[in-house]
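Participant: next comes the sequence, and after it the predicted model I'd like to discuss.
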Amino acid sequence: MKKRIGLFLTVTFLVGVLVSPLKQTAQPVVYGVTPQALVEVMEQQPEKIPFSTRQVYWIEPLGNTHTIAFVKTSEAQFLLILKQTDSTYRVVHLIRQAPQPIDWFEGRLLEVDQKRYFVVYGENKSNTMRRLVFDPYKVTSVGKHERTLPLKDIKRTLDIGRKDHFHTIQALPKAFPRSLFFDIQAVDRQGNEQLRRLSNTLD
């Protein structure tokens, strides 16, 4: 019985990491940093960013010592990365965006504790977008010229149909090139492109 419960919890955790719906209030017991703690940390910043716990859409662990969170207010939205030191947290990275259209997404490559992650998040309020298609590329130098080459073996898709909000966090193997970036297309039910974005690169 214990083995079955353990297996169920493991599968549930993996599914949550791969495709985790955006929640109106994060789960503080699981991830350590509560929405209230996040509000208090941001109030201590030189540039105060006021928001309420209800505007903390999700909080997830990022490696062993970092936490990533998404906050959305009527004036702006923020992707925050915090680092834990003993029992305190400090903001080490903040990405601010203006309010986005009804449908939008971003894909970002991040590096913490010498580990790389691919984070994708967005909104699909019109339910027009059905899935995201990730085409990976790497940049190589040939003499004085650069070439962009596709990496076909790690092409991925993410189903976002019927999800108003979505996010996913993927740990990247060390073998992946540092010049890696993703061409991300959002397609509808018929496979027609609706939105397209390029991720950043860490090289």
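Facilitator: All right, it came through fine.

Participant: pLDDT (mean, whole number) over stretch 185-196?
Facilitator: The average pLDDT within stretch 185-196 is 95.

Participant: over to stretch 76-90?
Facilitator: Mean predicted confidence for stretch 76-90 is 89.

Participant: burial of residue 53, as a residue count?
Facilitator: As a burial measure, residue 53 scores 16 neighbours (other Cβ atoms under 10 Å). C-beta: built from backbone N, CA, C; applies to glycine.

Participant: what do you get for residue 66?
Facilitator: Neighbour tally, residue 66, other Cβ under 10 Å: 20.

Participant: before we move on, what about residue 103?
Facilitator: Residue 103: 16 neighbours (other Cβ under 10 Å).

Participant: cool, and residue 38?
Facilitator: Neighbour number of residue 38 under other Cβ under 10 Å is 24.

Participant: what's the helix or strand harbouring it packed up against?
Facilitator: Taking DSSP states H and E as the definition, one finds residue 38 inside helix 35-43. When contacts are defined as 3 or more Cβ pairs under 8 Å, 6 or more residues apart in numbering; DSSP states H and E, helix 35-43 sits against helix 28-31, strand 56-62, strand 77-85, strand 88-97.

Participant: OK, contacts around the residue nearest to residue 169 when sequence neighbours are not counted?
Facilitator: Excluding its sequence neighbours, the residue lying closest to residue 169 (Cβ to Cβ, 6 or more residues apart in numbering) is residue 119, at 5.2 Å. Contacts for residue 119 were tallied using Cβ atoms under 8 Å, 6 or more residues apart in numbering; they are 68, 79, 107-110, 167-170.

Participant: so who does residue 93 touch?
Facilitator: 79-81, 110.

Participant: let me know the pLDDT of it.
Facilitator: 92.

Participant: tell me what it is bridged to.
Facilitator: Beta-bridge partners recorded for residue 93 (DSSP bridges): residue 81.

Participant: state the distance from it to residue 51.
Facilitator: 17 Å (Cβ to Cβ, to the nearest Å).

Participant: least confident secondary structure element in this structure?
Facilitator: strand 20-21 (a mean of 34; mean pLDDT, DSSP states H and E).

Participant: can you show me the strands along this protein?
Facilitator: Along the chain, the segments classed as strands by DSSP state E run 20-21, 56-62, 66-72, 77-85, 88-97, 103-112, 115-124, 131-142, 145-150, 156-159, 165-172, 181-187, 193-198.

Participant: in JSON lines: these, plus distance to residue 47.
Facilitator: As requested, the strands of the chain are arranged in JSON lines below (distance: least, Cβ to Cβ, whole Å):
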{"stretch": "strand 20-21", "distance to residue 47": "29"}
{"stretch": "strand 56-62", "distance to residue 47": "18"}
{"stretch": "strand 66-72", "distance to residue 47": "14"}
{"stretch": "strand 77-85", "distance to residue 47": "11"}
{"stretch": "strand 88-97", "distance to residue 47": "9"}
{"stretch": "strand 103-112", "distance to residue 47": "21"}
{"stretch": "strand 115-124", "distance to residue 47": "23"}
{"stretch": "strand 131-142", "distance to residue 47": "32"}
{"stretch": "strand 145-150", "distance to residue 47": "37"}
{"stretch": "strand 156-159", "distance to residue 47": "33"}
{"stretch": "strand 165-172", "distance to residue 47": "25"}
{"stretch": "strand 181-187", "distance to residue 47": "30"}
{"stretch": "strand 193-198", "distance to residue 47": "27"}
